[in-house]
Structures are given as C-alpha cells and as structure tokens.
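model the following, please.
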Amino acid sequence: MEHIVRLLKRHGFENILVTLEYMPEAITEYFGDGGEWGVKMKYSVEEEPLGTAGSVKYVEDWLTERFVIVSGDALTDVDLEKAVALHEERGAEVTLVLKEVDEPSEFGIVITDDEGRVTEFLEKPDEDEVFSYTANTGIYVVEPHVLRDIPEGQEYDWSKDHFPKMLEEGRPVYGYVMKGYWEDIGNIEQYIGAQRDALDGKVQGVQPPGEKLQEGVYVGSGTAVGARAVEGPVVLGDNVWAGPGARIGPYSVLGSDVYVGAGASVARATVAGGAQIGEDAELNGALVGSFCRVGDRVRLLEGSALGDGVTVGEGATIASGVSVESGASIEDGAEVTEDVS
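Here you go, the predicted model:
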C-alpha cells in the first residue's frame, strides 16, 4: 500500500482518502496523516463490508471533484496523469484502467471499440466465457455525479453491479490500456511474484531501501552479513545478523532485526522484522511474519506462510502452500501438511 501512496504522490495526488474494512488500526497507525509521504490522508472505516462501490458511496460527501480510485492490494507504475487526461479528453463519466493479461479468468474482462469506449464487461469469467484478454485493474477515474446512482448503506460493487448498469444505459464508460507494470496481490503466489519483479527492476519508481552493498544487494544500517553469504537480488533491513555458513539467496527480503542462524539457507523468502531463523533451517519461497521463532533444522517449503509471532519447533516441516495463523506453535519434529488456523 505504501507503494500506491508514493505512486499517487508522484502523479500529483496529495489528498488521499482511504476506505478501510480490513486491519484498519494497523493501517491508520502506520500512515497517520500522511505527512511522512508528503500527502494528506484521512480514513473511512466500514462497520460492515460495503463492496468496492458502496464504500465510495459512503464517503460521497467528501468527493466533490473528479477522483481516482486505486486498489490498495496491487503493485503498479501506471501513468495516472495520462489516464486522467484521456478521461477528460473523451468526456467520460468513468474511465477504467485496463491491462493485457495471460489469465483473464481471475479478473473482470473488457472489450472496447476503436475509440476506447467500453462495449462489453464480464467479472471473473469461466474459461468458456472468456472473450477478451484485457483485464480491469480496479483503477478508475470517476466523475463525482456517478455516485448518485449507487444505493446507500448496502454492499455494491463497481464491476459486478454498477459498470454493467452504466453500459445498459449507454453512458460514456471508457478504457485506458496501460503499458506499464500491474500485478494484483491477492494471494501468496502473486505477492512473491510481484516482489520478484520489483527486485528485478520491472516496476518504475520502486527503489529498494538501504545502501547498495554490491550489484543487487541492498542493506540497512547496523547489518552484519558477509558479502559471500548473500546472492542478489536481496534486500536486508537494519540490524540483520547472519551466523557462520548462513546463505541468503536471490529474491529474499529480510526486515529489520532479523537473526539468521549458522548454516541456515534462505532463498526467495520474505522474513518480517524481529524474526529469528534457527541454525541449519531451510526457507524456500516462504513468508515469515514478524517476531516468529523458527527453530533449528526447520524446513519451510515453497509457498508456505507463517503469521506474526508463530513458533516452529526444531526439525519441523511446513509443507508447500500451508499457512499457519499468527501466534500458533508447532511442535518439534512436526510435519504440517494442512493450514493451522
């Protein structure tokens, strides 16, 4: 979400209204009034889920001018200024930012005419319903009067409810097919993929934090990891420590105050701040939450994920794709093949 805030700032959007239903306290505490990012942020917290359009209707009184909607769970370098310019030039009520994708069934798909006007729209089609590989990114430029037609106080969605209605009424809904980077981050696989792309420099405006130690290796202050122990691209936060023989491999990101024990191997993994990785542990394509305790000789396999504060006993294995909820404890030597919740 911080990348989205920085994107908005780069394109001149300095007043940001955030609609929240998931983890509102954590988000408001992190961003505050937005001053650290050079923007002004305020928040609306839904008592009950209102949907993508219903949540915007809820703050209608604050939206008196043309506005841009951007999903907080995506990574993108879209040219928002160009999208707004095309919106104005075409006299659109709504402009959808679109992207060509390989797997359209995961998204809403769109067909536009030669002038860019949307003629067909279908949300998350079945395989036999696919008629386009142009996907809706969830980024919209919207005229404020559009909100008048959205029902108040009920769950209502842009793509499932309102856009089809607008098309039926023949209203000017246009599409802008972006050329840059966009990735929805709705699951662990997509998150890891987006992080890999960012480390590969595929996302404009996203610069790894820290000092560049060597090509593709960025480290924070107070970090004590030998150059031979690291193979980039890698990002290490402040005060990261790795013991003798530890290896931190490509596409890994370690937060601040992470400890990696002697002989441990970390590859394609994300380890949040304050976590401890035991000696001879193996992390391959895994996500580890903050302040986790991963014991000696533990194996975290591809796509496994630990919530915050998880303890994994010595010699345990977390199988591929398995998630463990925050605060859980895994016994020594356990082989975990199903989610722990």
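
give me the below-cutoff pLDDT ranges for the stretch 51-200 of the chain.
Low-confidence segments of the stretch 51-200 of the chain, defined by pLDDT under 70, are located at 104, 125, 127-130.

Asn284 touches Ala267, doesn't it?
Yes. In this structure Asn284 lies within contact range of Ala267 using Cβ atoms under 8 Å: 5.4 Å. C-beta here means a position set from N, CA and C on the backbone, and glycine is covered the same way.

next, count neighbours for Ser159.
Neighbours of Ser159 under the rule other Cβ atoms under 10 Å: 22.

relative to Ala92, how far out is it?
16 Å (Cβ to Cβ, to the nearest Å).

quick one: the strands in the stretch 101-250 of the chain, in order.
108-112, 118-123, 134-142, 173-177, 182-184, 211-214, 217-219, 234-236, 241-242, 247-248 (DSSP state E, counting those that start in this stretch).

how about the CA coordinates for the longest one, as CSV?
Extracted in CSV, the C-alpha atoms of strand 134-142 (Å, rounded to 0.1, in the frame of the first residue of the first chain):
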residue,chain,number,x,y,z
THR,A,134,-7.9,-7.1,-21.5
ALA,A,135,-8.4,-7.0,-17.7
ASN,A,136,-9.9,-4.5,-15.4
THR,A,137,-7.2,-3.4,-12.9
GLY,A,138,-9.5,-1.9,-10.3
ILE,A,139,-8.1,1.6,-11.1
TYR,A,140,-10.8,4.1,-12.1
VAL,A,141,-11.1,7.8,-12.9
VAL,A,142,-14.6,8.8,-11.8
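
now for that strand, which elements pack on it?
strand 67-69, strand 74-76, helix 80-90, strand 94-100, strand 108-112, strand 182-184 (3 or more Cβ pairs under 8 Å, 6 or more residues apart in numbering; DSSP states H and E).

now find how far off-centre stretch 135-147 is within its chain.
20 Å (Cα atoms, centre = their mean, to the nearest Å).

just stretch 161-181 next, same as before
Distance, centroid of stretch 161-181 to centroid of chain: 23 Å (Cα atoms, centre = their mean).

pull out the buried positions in that stretch.
Asp161, His162, Phe163, Pro164, Met166, Val173, Tyr174, Gly175, Tyr176, Met178, Tyr181 (16 or more other Cβ atoms under 10 Å).

residue contacts, Gly222?
By Cβ atoms under 8 Å, 6 or more residues apart in numbering, the contact set of Gly222 is Asp238, Asn239.

gap between it and Ile27?
Taking Cβ to Cβ, one finds Gly222 at 28 Å from Ile27.

Ile16 reaches Val39, doesn't it?
Yes. Counting by Cβ under 8 Å, Ile16 touches Val39, with 5.3 Å between them.

which residues do the two both contact?
Val5, Leu8.

and the gap between the closest residue in space to Glu338 that isn't next to it in sequence and Leu306?
With Cβ to Cβ, 6 or more residues apart in numbering as the criterion, Glu338 has its nearest non-adjacent residue at 6.6 Å, and that residue is Val322. Distance, Val322 to Leu306, using Cβ to Cβ: 10 Å.

same check, this time on Glu46
For Glu46, the distance to Leu306 - Cβ to Cβ - is 29 Å.

before we move on, what about Val203?
26 Å.

more crowded one of these two?
Leu306 (30 against 21).

next up, the contacts around that one.
Counting by Cβ under 8 Å, 6+ apart, Leu306 has contacts Ala286, Leu287, Val288, Gly289, Cys292, Val294, Leu300, Val312, Ile318, Ser323, Val324.

doesn't Ile318 make contact with the last one?
Same thing as Val324. Yes. The criterion here is Cβ under 8 Å, and Val324 meets it with Ile318 at 6.6 Å.

can you pick out the residue with more neighbours from these two?
Ranked by neighbour count (other Cβ under 10 Å), Val324 and Ile318 place Ile318 first, with 27 against 24.

any idea how far the more buried one lies from Glu302?
Counting by Cβ to Cβ - Ile318 and Glu302 are separated by 10 Å.

if we can go back for a sec, what do Val324 and Ile318 both touch?
Joint contacts of Val324 and Ile318 (Cβ under 8 Å, 6+ apart) are Ser304, Leu306, Val312, Ile330, Val336.

show me which of those are buried.
Buried among those by 16+ other Cβ under 10 Å: Ser304, Leu306, Val312, Ile330, Val336.

which strand residues bridge the second one?
Using DSSP bridges, the bridge partners assigned to Leu306 are Val288, Val324.

pLDDT at it, what is it?
Note on Leu306: pLDDT of 98.

same thing with the third one?
With respect to pLDDT, Val312 scores 99.

just checking, it touches Val298?
Yes. Judged on Cβ under 8 Å, Val312 makes contact with Val298 at a distance of 5.0 Å.

tell me, what's touching the two both at once?
With Cβ under 8 Å, 6+ apart, Val312 and Val298 have common neighbours Ile318.

pull the contacting residues for the nearest residue to Val59 once chain neighbours are set aside.
Closest residue in space to Val59, ignoring its immediate chain neighbours: Ser44 at 4.8 Å, by Cβ to Cβ, 6+ apart. Residues near Ser44 by Cβ under 8 Å, 6+ apart: Leu17, Val18, Thr19, Leu20, Ser55, Tyr58, Val59.

tell me the two of those that are most distant?
Val18 and Tyr58 (12.3 Å; Cβ to Cβ).
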